[in-house]
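Participant: When you get a sec, could you give me coordinates for this:
(2 chains)
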Amino acid sequence: MANRAAVVGVGQTKHKSRHKEVSIAGLVRQAAERALADAGCGWQDIDAVVLGKAPDMFEGVVMPELYLTDALGGNGKPVLRVHTAGSVGGSTAVVAANYVQSGAFRRVLTVTFEKQSESNATWALSPRMPFVPHVNAGAGGFFAPYMRLYMQKYHAPEHIGCLVAVKDRLNACRNPYAHLQIPNIDLAMVQQSPMLWEPLHFLESCPSSDGACALVIADEQIAERSPNPPAWIVATSTRADGVMYAGKDNIHPKSLIACAKDVYSKAGITDPRRQIDVAELYVPFSWYEPMYLETLGICGEGEGWKLTEAGATAMTGDIPINPSGGVLSSNPIGASGMLRFGEAALQVRGMAGEHQVDGARLALGHAFGGAHSYYAMWVVSADKP
Amino acid sequence: MSDAREPVTGIEVPINLKYEFTAGAALARFLSSIREGRIVGQRCPGCSSVYVPPRGSCSRCGIATEEEVEVSDRGVIESFTIVHIPLPGNPVKPPFIAANILLDGTDMACLHLVSEVPTERVVVGMRVQAVWKPREEWGYTFENIAWFKPVEGA
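Facilitator: Now for the predicted structure:
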């Protein structure tokens, strides 16, 4: 049995198109200082730093961990950088949690970021590869054909994706850190926004954001005397899969099914829809909400879009998804996974402010990366496991 | 011209890189073949799936692939998207159709352009055939095929 660990500090920056007023080091430090303040500790109390971000070409700064070590108080301490594409925010949190659960460190600071305004993520995600035609068109270009297949296979009406976009953006209006704030958004506005990658509209896609997120993860003894309620880490899981192979299912990826089974089994979850009070899922493109509801076993195959349509995933529904506004509202890519994990922690700590789901005791955080290449999940609880 | 009184918040710094790609045995065969207008893949000895382009292994089975298979330049659209944004560094002008095309005799779709058809007429399951560039333009690249178009009379 691993040692108990809990999230005792959560910090994030305001997410926005351009943080021109601050360098990358200043950005990560802002999130870290907020997490330390929440945890009621100082830099000297941190035993190790785990840093994560998505591909270096998203800023053009190669090996930023070298330059960020002193900004994060890491000189003379263990510092580790994690990379698992878009899931990195999640897997970085898992590495930090596992460090504490193993007993290697008592209190770990973990930080993730992206400053997308400094380079061009679509360029970085659309490299000319020497053996395929150069028609890869960013992340949306890869995923849009699978959304089309989902819609056809399960007879999902075209407006379902737009409903997800409206729901997440309205949630974002309750979250002061969220990038997009569109209080007058409605179905017609999303449907009338330009097509980017058909069948996906502009407003069904995530923005490009600058932002950072930090967590302080501590052992049981420290967690019990922290000033704010801890979010106990009940279970973690990560999985990787091949980028492309014959028979790969990009609608219900089997490696995500395996990741979910693993994390549920560790957390004693047998009926996710009933037992989980709130979930923060990595949904950068609207249609992945219904698709992930199915893959994560929250509902049956082909039922996801019906949950979305019925409002089950709204703040007031029985399984609220992304009360923070999600990736559709803020996407500092490297931090996006950790924001899911951190928002899950805020919910069970009762510290989510205007987007708090009443009475949330058990929450799920999820992230994916690459072409369905990496997954990270965790379950956090208000109750000590 | 920027106003000298404005504070500097950032400067533009270019990065450029050319790299040497080591193809490995499987891709080297594929690239040599496509140079001659033939599409050569590999069959997995475990699940019998045929991969184009071949990578020397089947990541579903986790085993090496060696048996070569020449396949057709016709296939079917598995799914597609119509891209409305320009690609950085790519001359293809939007809107264009990017499709996952399953070549006949293969088991994993490859990404390519579909053209010579109005976008609203493209459907999942449509039969398509390769439109090759003029032979004198052929090189060690899948882009010897300019795009795919609907099979005539299909």
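Participant: From chain A, how far off is residue B:107?
Facilitator: Going from residue B:107 to chain A by C-beta to the nearest C-beta, to the nearest Å gives 4 Å. In this view, the C-beta of every residue, glycine as well, is placed from N, C-alpha and C.
Participant: So which residues on the stretch 151-300 of chain A come close to chain B?
Facilitator: Residues of the stretch 151-300 of chain A lying near chain B by C-beta under 8 Å from any C-beta of the partner chain: A:152, A:194-200, A:242-248.
Participant: how does it look with 10 Å?
Facilitator: Contact residues (C-beta under 10 Å from any C-beta of the partner chain) of the stretch 151-300 of chain A with chain B: A:152-153, A:194-202, A:241-248, A:250, A:254.
Participant: Which of those fall in helices?
Facilitator: Among those, DSSP state H puts A:152, A:153, A:254 in helices.
Participant: who wins for neighbours among those residues?
Facilitator: Among these, residue A:254 has the most neighbours (other C-beta atoms under 10 Å in any protein chain shown), with 15 neighbours.
Participant: what pLDDT does that residue get?
Facilitator: pLDDT, residue A:254: 96.
Participant: and residue A:300, helix, strand or coil?
Facilitator: Classification of residue A:300 using DSSP: H, G, I helix; E, B strand; the rest coil returns coil.
Participant: need the helices for the stretch 1-150 of chain A, in chain order.
Facilitator: With DSSP state H, counting those that start in this stretch as the criterion, the stretch 1-150 of chain A has helices at A:24-39, A:64-68, A:88-101, A:121-125, A:138-154.
Participant: just checking, next helix/strand downstream of the last one?
Facilitator: This means helix A:138-154. helix A:160-172 (DSSP states H and E).
Participant: for whichever helix or strand comes after that next one, packing partners?
Facilitator: Remark: after helix A:160-172, the chain's next helix or strand is helix A:187-192, criterion DSSP H and E. Contacts defined by 3 or more C-beta pairs under 10 Å, 6 or more residues apart in numbering or on different chains; DSSP states H and E place helix A:187-192 against helix A:160-172, strand A:200-201.
Participant: can we see that at 7 Å?
Facilitator: Helix A:187-192 makes packing contacts with helix A:160-172 when contacts are defined by 3 or more C-beta pairs under 7 Å, 6 or more residues apart in numbering or on different chains; DSSP states H and E.
Participant: Mind listing residues that contact the helix it packs on?
Facilitator: A:178, A:180-182, A:185-187, A:190-191, A:201, A:203-204, A:283, A:286-287, A:289-290, A:305, A:308-309, A:313-315, A:322-326, A:328-329, A:355 (C-beta atoms under 7 Å, 6 or more residues apart in numbering or on different chains).
Participant: circling back: which of the helices of the stretch 1-150 of chain A sits most buried?
Facilitator: Burial of these is given as mean neighbour count (mean count of other C-beta atoms under 10 Å in any protein chain shown); helix A:88-101 ranks first at a mean of 27.
Participant: residues in contact with that one?
Facilitator: Here helix A:88-101 has contacts from A:2-3, A:5, A:48, A:50, A:52-54, A:80, A:82, A:84, A:105-106, A:108, A:110, A:112, A:213, A:215, A:217-219, A:233, A:236, A:238, A:334-341, A:365, A:367, A:369, A:374, A:376, A:378, using C-beta under 7 Å, 6+ apart.
Participant: So which of those sit within strands?
Facilitator: Among the contacts of helix A:88-101, the members falling in strands (DSSP state E) are A:5, A:48, A:50, A:52-53, A:80, A:82, A:108, A:110, A:112, A:213, A:215, A:217-219, A:233, A:236, A:238, A:365, A:367, A:369, A:374, A:376, A:378.
Participant: dump the residue contacts of residue B:95.
Facilitator: Counting by C-beta under 7 Å, 6+ apart, residue B:95 touches B:82, B:83, B:84, B:119.
Participant: still on that earlier bit, what remains of the contacts of helix A:88-101 if I keep only buried residues?
Facilitator: Buried subset of the contacts of helix A:88-101 (neighbour count, 16 or more other C-beta atoms under 10 Å in any protein chain shown): A:5, A:48, A:50, A:52-54, A:80, A:82, A:84, A:105-106, A:108, A:110, A:112, A:213, A:215, A:217-219, A:233, A:236, A:238, A:334-341, A:365, A:367, A:369, A:374, A:376, A:378.
Participant: Report the contact partners of the residue lying closest to residue A:35 once chain neighbours are set aside.
Facilitator: Nearest-residue entry for residue A:35: residue A:11, 3.3 Å, with adjacent residues in sequence omitted and distances by C-beta to C-beta, 6 or more residues apart in numbering or on different chains. Taking C-beta under 7 Å, 6+ apart, we find residue A:11 in contact with A:31, A:32, A:33, A:34, A:35, A:38, A:214.
Participant: From chain B, how far off is residue A:11?
Facilitator: 24 Å.
Participant: same question, residue A:168
Facilitator: 21 Å.
Participant: Check that residue and give its pLDDT.
Facilitator: Predicted confidence (pLDDT) for residue A:168: 98.
Participant: That one - nearest residue in space that isn't next to it in sequence?
Facilitator: Using C-beta to C-beta, 6+ apart, the nearest residue to residue A:168 is residue A:328, at 4.3 Å.
Participant: same question, residue A:62
Facilitator: Nearest residue to residue A:62, sequence neighbours excluded (C-beta to C-beta, 6+ apart): residue A:56, at 4.9 Å.
Participant: Next, the buried residues of stretch A:253-264.
Facilitator: So for stretch A:253-264, counting by 16+ other C-beta under 10 Å, buried means A:253, A:255, A:256, A:257, A:259, A:260, A:262, A:263, A:264.
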